[in-house]
Structures are given as C-alpha cells and as structure tokens.
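Engineer: okay, sequence plus prediction incoming.
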Amino acid sequence: MRMLFPLAGLLLALVGIPFYLEKVKPNRWSGVRLPKTYADPAVWYAANKVMGQNFIIAGASIFVLTLAVLLLAQYVPSLQTTRINTGILLVALAGAVFHTYLAVTRM
C-alpha cells in the first residue's frame, strides 16, 4: 500500500510516453478530445504531444517526491505520508491538466 503513490506516478509517466512520441492516432477514447483536435490531425498530435510531456513530467515528479516522503517517514514516524502524497499527486495532476489546457487553447 505504501508504494501505491510512487507506482501511480510511474504509471502516469508510462501512459504519457506514446502520446509524446505521437504514436496515438486520433480516437474517441484517449487523448485531448476537443472539436479543434478532431478537426485537424496536426492539432491532435501537437496537443497530445504537450499532454504526453506534461504527464511524463508529472509522473516522474510524483514518483520521486512520494518516494522521498516515504523514505523521510522512516526518520519522522509521525509524518502524515498519505495526506502529503495525496497532495503531491493532486497538485501534479492539476498542473499537468492546466498546462495542457493552456497550450491547447493557444493552438
């Protein structure tokens, strides 16, 4: 259970890789799905490349920071690791989604 947060970060980074490498074709199930991304394949790939990069960065950040919190908890037993790691996860995800949104609105 303790490794759930670092594993979630690793999974998020792995999910972002195919989008960053532009391997995911326009579809109805995954990626940035907006009218402008459906209308133009070039916009689809550009938007999803940004999303993939953001997911890789967020996932790596989640992995490293939550692992650091778990290691620190060995020396500070009263540390609220679940709350801190939940905060790290939510802030990183929100940042990735917000930055993707800003980038797509400028395309």
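Structural biologist: Nice, I can see it. Numbering: from 1, shown residues only.
Engineer: so which bits of the top helix by length along the chain are buried?
Structural biologist: Longest helix in the chain, counting residues (DSSP state H): helix 41-72. Within helix 41-72, the residues scored as buried using 16 or more other C-beta atoms under 10 Å are 43-63, 65-67, 69-70. For the C-beta atoms, the positions are set from N, CA and C on the backbone; glycine is no exception.
Engineer: which other helices and strands contact it?
Structural biologist: helix 4-20, helix 35-39, helix 81-105 (3 or more C-beta pairs under 8 Å, 6 or more residues apart in numbering; DSSP states H and E).
Engineer: what's in contact with the worst-scoring helix or strand of the chain on mean pLDDT?
Structural biologist: Within the chain, confidence by mean pLDDT, DSSP states H and E is lowest for helix 35-39 among all helices and strands, at a mean of 90. Contacts to helix 35-39, defined as C-beta atoms under 8 Å, 6 or more residues apart in numbering, come from residues 26, 31, 43-44, 47-48, 104, 107.
Engineer: likewise stretch 42-53?
Structural biologist: 16-22, 24, 26, 31-32, 34, 36-38, 96, 99-100, 103-104, 107.
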